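[1] got a predicted structure plus its sequence, pasted below:
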Amino acid sequence: MDKIVRVNMFDLRVSIEEVPATWAQYGGRALTSTIVAAEVVPTCHPLGPDNKLVFAPGMLTGTTAVNAGRLSAGAKSPLTGGIKESSAGGIAGQILARLGIKALIIEGVPQQDCWYRIHVDKDGVEIQEEINLIGKGNYAVFKAVEAELGKKCGCLSIGPAGEFRMAAANISVRDKDGGVRSHGRGGLGAVMGSKKIKLISIDETGSEGVKVADPEKFSAAGKIFAKSLVNQPGIEYGMKPLGTSMLVNIIHGYGALPTRNFRDGQYAKHDMVSGETMRETIIARGGQPSHTCQPGCVIHCSQVYPDKDGKTVTSGLEYETLGLLGAACEIDSLDRIAEADRILDDIGLDSIDTAVGIAVLMDAGVLPFGDGDSVLRLLKDEVAKGTPLGRILGCGAATVGKVYGMTRVAAVKGQALPAYDPRPIKGIGITYATSPMGADHTAGYAVGPTLAGVIDGHQKKGQVELSRHCQHVSAALDSFGVCTFVDMAVGSDLECLPALVNMLNARFGASKTAEDYLLGLGSYVLKTEHRFNINAGLTSPQDRLPEFFSAETLPPSNTVWDFSDQEIAAFWNF
Ligand code: SF4
């Protein structure tokens, strides 16, 4: 039977609770945001005893459904000061779900000045003191847990960034091959660090698996859903061979690649850091151009990037990292970006906030644009060691901007913008401005419909409505536990959404409609999060983009951010 596991770090006590009836229908983001909104005082200090860190597998996570293995983490964010949900791949979500854990709630801070490890298996949850792995990077932690529990173990951990409680620290998730995936945004690694938890190891042995109310109906719908994803042209010819890195050339072509700290929409050397070049490089070196982070994935957005000698450098090198370290910082070397990605994964720091922070440091004259070697030194010698400069960068782009007195800082609610300039893709700008998460492309990906020609990204008309629709869908998909790319098939194949709805109904023995799931659940999640943020002090004036987007036109489209306060505030009229 599903259960709620509550871990109190103040008195090192674990309690197992029944799932309240009102929580039973939720999972993933819907559940983490419900719990955080219900149990966390909105005005509390994010690193203090009153904040809670909640993990919840998605509603379909751990079942046989393809691309349904996501885990949500939630808390009050040290980066934004508002509610945060961050979804990750890897295998921890699937294992927690199969162990019957609906949510793991970690509360309080320890009385003793020592570090802990939490171990989860079929027999329960144990808190142990951790000594040997303190100060170590995530790769070493995963290796140690793998040596102890075997190659199928799950692990959630923080690197030095989380131990230092840097506001952009992430929580790392072991993938099926021992690589690093991340609850990357919002500084949840700092919350885990404040509770003095270095790692959570998870052993699936003997688990009962996820209960499905109607297995036959689930299996029939699951087959249609899988077929729909496999046959979607954007997935088959784009995501599978290139992953999200296919976007480097596409977003350059659209004029929204945030070059030289968001001064230009096109990067002359885009091809040197493009998905096509990365694929050729990987194949020539004997790496894996197409890879999965968990069992049951048919999309394969990941890859394994090797160095010149064929040794693995990193896996899951995404468009955001390429677009920001590449165009925004003008680093034209895939090898240096891959090395930076590996270091960031190892120390456990968000690559988006760090890359935008580095672009701000470059603007401030701390290091030159394009100097990849200095970036690697900065990460290894400053951030990983927790020097004052390293801690400033580790607290994200907004902190870097404040410390260096810079105004060209691409961040909303303290969280850095991903690699899409909002001036020529205005719908994503509305998402950046209004999402309860702070600037986050995954919170409402208005980029997809813009690239598909459904809307003209340069014009204001219809962008608020588009972002509202995308944010509802994202909130729902994050709650289902499916990869965000599923949206590509939901939007283009008439069979995909009904199959997804049938799986959800079969899983829970429900008879809801697509509208109930996408708009009803999405609306509930957004309103719950928005209410928390208002009570935390994040009100309408924080729903704004930085001034320079309105003051400067972006070449080559010569677009400008031109939404009035009233037009942005209208987003919440639902
Ligand atoms: S699509 Fe990407 S994120 Fe989703 S399961 Fe596959 S590899 Fe992981």
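    Looks like it arrived, so ask away. Numbering: from 1, shown residues only.

[2] tell me the secondary structure for L156?
    State at L156, reduced to three classes by DSSP: H, G, I helix; E, B strand; the rest coil: strand.

[3] skipping adjacent residues, who's closest to it in space?
    Nearest non-adjacent residue to L156, counting by Cβ to Cβ, 6 or more residues apart in numbering: I200, 4.3 Å away. Placement of C-beta: from N, CA and C, glycine included.

[4] check the residue sitting furthest away from the middle of the chain and give its pLDDT.
    Among the C-alpha atoms of the chain, the one most distant from their mean position (Cα atoms, centre = their mean) is that of E216, at 32.8 Å. The confidence metric pLDDT takes the value 98 at E216.

[5] renumber starting at 483 from here on
    Happy to do that; since the first residue is 483 now, the last one works out to E698.

[6] part of a strand, is it?
    No - looking at E698 with three-state DSSP, it is helix, so not inside a strand.

[7] next, the contact list for the closest residue to the ligand within the stretch 483-632 of the chain, please.
    The ligand sits closest to G571 of the stretch 483-632 of the chain, with a gap of 3.8 Å, by Cβ to the nearest ligand atom. With contacts taken as Cβ atoms under 8 Å, 6 or more residues apart in numbering, G571 has the following neighbours: G551, R552, V655, D657, R663, C775, Q776, G798, C965.

[8] also near the ligand: which of the residues you listed, exactly?
    Intersecting those with the contacts of the ligand gives C775, Q776, C965 (criterion: Cβ under 6 Å from any ligand atom).

[9] restricted to helices, list the residues you listed.
    Counted as lying in helices by DSSP state H, out of the ones next to the ligand among the contacts of G571, is not a single one.

[10] could you list the low-confidence segments of the protein?
    The chain contains no residues with pLDDT under 70.

[11] residues of it that sit close to the ligand?
    The chain has residues N549, G571, T774, C775, Q776, C779, I781, H782, C783, S784, C965, F967 near the ligand, with proximity defined as Cβ under 6 Å from any ligand atom.

[12] my guess is the fifth one meets I573, correct?
    It refers to Q776. Yes - in this structure, Q776 sits in contact with I573. The criterion is Cβ atoms under 8 Å, and the distance is 5.2 Å.

[13] which residues do those two both contact?
    Applying Cβ under 8 Å, 6+ apart, one finds that Q776 and I573 are jointly contacted by G551, D657, K658.

[14] nearest residue to N614 other than its sequence neighbours?
    The spatial neighbour of N614 that comes closest, neighbours along the chain excluded (Cβ to Cβ, 6+ apart), is A626 at 7.5 Å.

[15] check contacts around that neighbour.
    By Cβ under 8 Å, 6+ apart, A626 lies in contact with N614, L615, K618.

[16] list just the nearest of the ones next to the ligand among the contacts of G571 to L959.
    Closest to L959 out of the ones next to the ligand among the contacts of G571 is C965 (8.1 Å), distances taken as Cβ to Cβ.

[17] check contacts around that closest one.
    N549, A550, R552, G571, C779, I781, C783.

[18] kindly reformat those residues as a markdown table containing secondary structure.
    Putting the contacts of C965 into a markdown table (three-state DSSP) gives the following:
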| residue | secondary structure |
| --- | --- |
| N549 | coil |
| A550 | coil |
| R552 | coil |
| G571 | coil |
| C779 | coil |
| I781 | coil |
| C783 | coil |
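
[19] which pair of these spans the longest distance?
    Between any two of the contacts of C965, the greatest separation by Cβ to Cβ is 14.5 Å, found for A550 and C783.

[20] which one's more surrounded, the two?
    Counting neighbours by other Cβ atoms under 10 Å for A550 and for C783 shows that A550 has the greater number, 29 against 26.

[21] could you pull up the residues touching the closest residue to that one other than its chain neighbours?
    Counting by Cβ to Cβ, 6+ apart, the nearest residue to A550 once its immediate chain neighbours are dropped is L542, at 3.8 Å. Taking Cβ under 8 Å, 6+ apart as the definition of contact, the neighbours of L542 are G509, A550, F962, G963, V964, M985, L986, R989.

[22] for the last one, helix, strand, or coil?
    It stands for R989. Secondary structure, three-state DSSP: R989 is helix.

[23] for the ligand, see how far away it is.
    R989 sits 18 Å away from the ligand, going by Cβ to the nearest ligand atom, to the nearest Å.

[24] you'd agree that residue is up against K699?
    No - the pair R989 and K699 fails to qualify as a contact (Cβ under 8 Å) at a distance of 9.4 Å.

[25] out of the two, which sits in the more crowded spot?
    More neighbours surround R989 than the other of R989 and K699, with 24 against 16 (other Cβ under 10 Å).

[26] now the phi/psi pair for the closest residue to the more buried one other than its chain neighbours, please.
    Take R989 and drop its neighbours on the chain: the residue closest to it by Cβ to Cβ, 6+ apart is V694, 5.3 Å away. The main-chain torsion angles of V694 are listed as degrees, to the nearest 10 and equal phi -120, psi 130.
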